[in-house]
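J.: Fold the following.
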Amino acid sequence: MPLIIPKKYHRKLLPETTEVAIKMVKDTFQTIFARELRLRRVTAPLFLLTGTGLNDNLNGVEEAVSFTIDAMGGRKAEVVHSLAKWKRYKLGAYDIAPGYGLYTDMNAIRTFEDLDNIHSLYVDQWDWEKTIRKEDRTLDYLKKTVRTIYKTLLEVEQTVYEKFPHITPVLPPDITFVHAEELARLYPDKTPRERETIFASEHGAIFIIGIGAPLSDGQPHDGRSPDYDDWISTNEEGYQGLNGDIILWNPVLDIPFEISSMGIRVSPESLREQLELRECPERSSLTFHKLLLEGKLPYSIGGGIGQSRLCMFLLHKAHIGEVQASIWPEDQIKACADAGIELL
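T.: You can find the predicted model right below:
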């Protein structure tokens with residue numbers, strides 16, 4: 001995405017005050033979020049051993065930052081992309097009962113990201129996972145969870161307004177659900193990104209169901225790894241997918257703004273099917289996948305919520321570099337500075 005410089009951009013908080021606001025947003029959100037979803041905080045790894053299958057493969061083509069460990073005979077480790085599979089493993093290790101779960105502060109490095117207003121080399125998010133029963137693997141349960149997360153977003157937005165009354169709320173009272181196939185049928189001549197733009201601009205906050213499965217045109221709405229979200233199972237509405245993305249309309253940048261990727265996780269059956277569909281059945285021999293296929297991991301739902309993205313949205317910032325410290329191209333730093341956008 002090319003760099004967006006909003007016309008007449010006016011920052012609403014000085015950098016020093018922004019730092020205070022970032023802490024307030026993060027503290028408030030995780031407190032409410034953990035309470036509402038009944039999650040407890042756990043410590044997260046920054047890197048994992050290569051070959052375990054625990055690291056997130058994202059779309060299956062991104063390369064992780066890696067290094068060798070002298071003290072372990074040169075074994076290779078890699079910086080996490082996210083903790084989608086690690087969290088499910090921990091649910092089982094901690095024997096967390098259905099209806100309860102965990103969350104953690106995930107920090108990642110993604111060297112392949114395009115650097116723009118909303119993408120950074122540094123990724124920080126709340127990764128969360130919750131144990132569910134087999135009978136909870138339904139679209140209704142997914143929607144109920146999404147509404148709980150959205151309610152938390154509304155509460156934190158109100159908290160920001162009470163502290164900084166000049167930052168007025170923009171989120172609608174409810175989130176709108178739509179399946180990726182419905183979007184494809186509504187806008188058959190549009191790209192997935194264009195469909196998101198039209199629908200999100202009309203509704204303000206949307207949840208697109210079914211990210212990863214091929215649609216009627218043969219292409220998925222967007223990529224998704226085959227080994228954590230279940231995007232192949234048929235749901236109660238007759239479409240494929242028990243996962244999706246929370247997308248908000250960003251009025252500062254006038255773009256759809258993904259804040260969370262989440263879903264009900266694969267069962268042994270859907271994992272096999274998704275691995276075959278993505279032509280990577282060899283992953284079934286990895287540690288994580290073997291445990292799942294043998295029925296040794298609990299059924300779960302989970303996702304990630306971008307911390308910097310949340311702060312950027314709620315504080316009405318134009319660039320993610322206003323709420324996190326990372327590295328940016330010199331020309332981007334200058335373009336932002338000329339527009340009054342001060343990167344940390």
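
J.: my read: R147 touches I175, true?
T.: Yes: using CB atoms under 8 Å, R147 is in contact with I175, at 6.6 Å. From N, CA and C alone the C-beta is placed, and that goes for glycine too.

J.: Looking at those two, which one has more neighbours?
T.: Between R147 and I175, counted using other CB atoms under 10 Å, I175 has the larger neighbour count: 22 against 14.

J.: residue contacts, the more buried one?
T.: V146, R147, Y150, A205, I206, F207, I246 (CB atoms under 8 Å, 6 or more residues apart in numbering).

J.: now do R272
T.: P281, S284, L293.

J.: Now the longest helix seen in the chain: buried residues?
T.: Counting by DSSP state H, the longest helix found in the chain is helix 139-163. Residues of helix 139-163 classed as buried by neighbour count (16 or more other CB atoms under 10 Å): 139, 141-142, 145-146, 149-154, 156-157, 159-160.

J.: List just the nearest of those to V266.
T.: Closest approach between those and V266, by CB to CB: L142, at 13.7 Å.

J.: List of residues touching the helix or strand that contains F288?
T.: Per DSSP states H and E, F288 falls inside helix 287-293. Contact with helix 287-293 is made by 52-54, 85, 88-89, 92, 227, 266, 268, 271-272, 275, 283-284, 297, as judged by CB under 8 Å, 6+ apart.

J.: Mark which of the residues you listed are buried, thanks.
T.: Neighbour counting by 16+ other CB under 10 Å classes 53-54, 85, 88-89, 227, 266, 271-272, 275, 283-284, 297 among the contacts of helix 287-293 as buried.

J.: Just the ones in helices from those residues, please.
T.: K85, R88, Y89, L271, R272, L275.

J.: which residues touch the second one?
T.: With contacts defined as CB under 8 Å, 6+ apart, R88 is in contact with E129, Y228, R265, L292, L297, P298, S300, G302.

J.: how far away is it from Q274?
T.: For R88, the distance to Q274 (CB to CB, to the nearest Å) stands at 15 Å.

J.: Repeat that for the third one.
T.: With the distance defined as CB to CB, Y89 ends up 18 Å from Q274.

J.: Helices along the stretch 151-300 of the chain, start to end?
T.: 180-186, 192-203, 268-277, 287-293 (DSSP state H, counting those that start in this stretch).

J.: Which residues does the second one contact?
T.: It stands for helix 192-203. So helix 192-203 is in contact with 172, 176, 178, 180, 183-184, 186-187, 190, 206, 208, 221-222, 247-249, 254-257, going by CB under 8 Å, 6+ apart.

J.: hmm, which helix or strand of this structure has the shakiest average pLDDT?
T.: strand 47-49 (a mean of 86; mean pLDDT, DSSP states H and E).

J.: Pairing partners for it, with directions?
T.: Paired with strand 47-49 in the same sheet, following DSSP bridges, are strand 75-79 (antiparallel).

J.: in the partner strand, what's buried?
T.: Quick answer for strand 75-79 (16+ other CB under 10 Å): A77, E78, V79.

J.: farthest residue from the center of the protein?
T.: G73 (35.0 Å; CA atoms, centre = their mean).

J.: where's it relative to I32, distance?
T.: Separation of G73 from I32 (CB to CB) stands at 46 Å.

J.: what does E342 give?
T.: Counting by CB to CB, the gap from E342 to I32 is 29 Å.

J.: Looking at the contacts of helix 287-293, spot the one nearest I69.
T.: Among those, and counting by CB to CB, the member closest to I69 is T52, at 13.8 Å.

J.: Quick check, pLDDT for that closest one.
T.: Note on T52: pLDDT of 75.

J.: Which residue comes closest to it once chain neighbours are left out?
T.: Sequence neighbours aside, T287 is the residue nearest to T52 in space, at 4.7 Å (criterion: CB to CB, 6 or more residues apart in numbering).

J.: Also A200?
T.: Per CB to CB, 6+ apart, closest to A200 is P256, 4.0 Å.

J.: what's the burial count for that neighbour?
T.: The burial count assigned to P256 is 21, neighbours taken as other CB under 10 Å.

J.: list the contacts for it?
T.: P256 sits in contact with R193, E196, T197, A200, S201, I247, L248, W249, N250, where contact means CB under 8 Å, 6+ apart.

J.: cutoff 10 Å now
T.: 193-201, 206, 208, 245, 247-250 (CB atoms under 10 Å, 6 or more residues apart in numbering).

J.: Look up how far I208 lies from it.
T.: The gap separating P256 from I208 is 9 Å, by CB to CB.

J.: what sits in contact with each of these two?
T.: With CB under 10 Å, 6+ apart, P256 and I208 have common neighbours R195, E196, F199, A200, D245, I247.

J.: And those, which is closest to K134?
T.: D245 (24.6 Å).

J.: In this structure G74 contacts T50, no?
T.: No: using CB atoms under 10 Å, G74 is not in contact with T50, being 11.4 Å away.
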